[in-house]
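J.: sequence first, predicted model second:
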Amino acid sequence: MNQVGFDTPDDDLIDGYIIYYKIYYSGDTSVDDDEAHFSPSYYEDSSSEMESGTDIPEDLDFFPLGIIGKTSVTYPHIPLRGDDHEVYFDFTNAQNQNGDPILSIDGVNYNQDLGTPARGVFYTDDIGSDSYNTFKSFINSFSTDSGQIDSDLISMRSSNGGSLSNINAIEIAFVAISYGISESNFEQMMSLPVYLGSVTMNVNF
């Protein structure tokens, strides 16, 4: 699959969306285990209920997807009010690391206006520096020349026996959460996280 996305519902309380992602090596069976956590049926036989908000994706080591580009937007939100919008990320150009993924809303390429979807990561041994929690392109920026490994690759490396050298393809899963403000008490609300699907990319670490 080259695209992941969603249609926005008819809900005036929704101000926008937060997109999370997680990187797996292609063939990693844990991608199915993680996907199950985003189904309410997963919690039917337990005493807990599926939690709204960011807890589930963050507990599963998902990272927020950012937007970078001409607008210099550096927060992991897609501000969007209104119903019946089609929002998707097209990774066709990115599959062989030949181009950045495309953000499209209602069939219009928004990359030039809103920016390019980017990974929200930080270096494990560089906390406190300018690179901490920065957004970087999905393409050709999985590690640095100095050998630092981004935190979004740590779990993938661990599940692959501690190495990235034999990984030629990755699978990237995406989850969406809507957010807004309650009309009754003006507190922030977030929806249940929704699993959008995954895309596969060829890589060269």
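T.: That came through, no problem. Numbers count the residues shown, from 1 in each chain.
J.: only C-alpha atoms from now on, for both contacts and neighbour counts.
T.: OK.
J.: please name the residues that touch residue 69.
T.: Taking Cα atoms under 8 Å, 6 or more residues apart in numbering, we find residue 69 in contact with 111-116.
J.: if you set the cut-off to 7 Å instead, what comes out?
T.: 114-116 (Cα atoms under 7 Å, 6 or more residues apart in numbering).
J.: between the residues you listed, identify the one with the most neighbours.
T.: Of all the contacts of residue 69, residue 116 has the most neighbours under the rule other Cα atoms under 10 Å, reaching 24 neighbours.
J.: go through the contacts of residue 69 and name the one nearest residue 28.
T.: Closest approach to residue 28 among those (Cα to Cα): residue 116, at 27.2 Å.
J.: so what's the closest one bridging to?
T.: Note on residue 116: beta-bridge partners residue 68, judged by DSSP bridges.
J.: where's it relative to residue 91, distance?
T.: 11 Å (Cα to Cα, to the nearest Å).
J.: with residue 113 instead?
T.: To residue 91, residue 113 is 18 Å away according to Cα to Cα.
J.: the more surrounded of the two?
T.: Neighbour count, other Cα under 10 Å: between residue 113 and residue 91, residue 91 has more, with 22 against 10.
J.: apart from its neighbours in sequence, what residue is nearest the more buried one?
T.: Distance criterion Cα to Cα, 6 or more residues apart in numbering; nearest residue to residue 91, sequence neighbours excluded, is residue 101 at 4.6 Å.
J.: what about stretch 51-67, how long is it end to end?
T.: Length of stretch 51-67, first residue to last, Cα to Cα: 26 Å.
J.: quick one: contacts of that stretch?
T.: Contacts of stretch 51-67 (Cα under 7 Å, 6+ apart): 19-22, 73-76, 115-120, 135, 177, 190-193.
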